[in-house]
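> Predicted model and sequence follow; I will ask about them next.
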Amino acid sequence: MSHVTDPDQIQTYVRASAAVLGLPLDDEQVLRVAAHLQRTAAMAAMLEAVELPPEAEPAQIYVPLPHGPGEPST
C-alpha cells in the first residue's frame, strides 16, 4: 500500500478535509494536524509491514448481553 509522505500534499489534504467538515483551521493548526497525520501513517506502515500467519485472527468484539427486566441499565 502506498502512503503519501510529502508534507505539502498532507497539508493540502488537511486543509481540504477541514473545509469539507466546516472546521476553521489556521496555518499553525494545519501544520500540527498534518504532523500528527504523518506520525499516524508511519505507525500504520510499520504495522502493515508485519507478516502475520493465517491463523492469527483478530480478537472478537465484545458485545454485552441486553439487560433483562428489572436489571439496571448502567
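Looks like it arrived, so ask away.

> from the middle of its chain, how far away would the one helix or strand Gln11 maps to be?
Element membership for Gln11, per DSSP states H and E: helix 7-21. Computed by C-alpha atoms, centre = their mean, to the nearest Å, the chain-centroid distance of helix 7-21 equals 15 Å.

> repeat for stretch 28-44
How far stretch 28-44 lies from its chain's middle: 11 Å, per C-alpha atoms, centre = their mean.

> And the helix holding Gln11, what does it pack against?
Applying 3 or more C-beta pairs under 8 Å, 6 or more residues apart in numbering; DSSP states H and E, we find helix 7-21 packed against helix 27-48. The C-beta positions use only the backbone N, C-alpha and C, and glycine is treated the same way.

> Could you list the low-pLDDT ranges of this structure?
Within the chain, the stretches with pLDDT under 70 are 1-3, 70-74.

> thought Leu25 was touching Ser17?
No - counting by C-beta atoms under 8 Å, Leu25 stays clear of Ser17, with 9.4 Å between them.

> Looking at those two, which one has more neighbours?
Per other C-beta atoms under 10 Å, whichever of Leu25 and Ser17 has more neighbours is Leu25, with 16 against 13.
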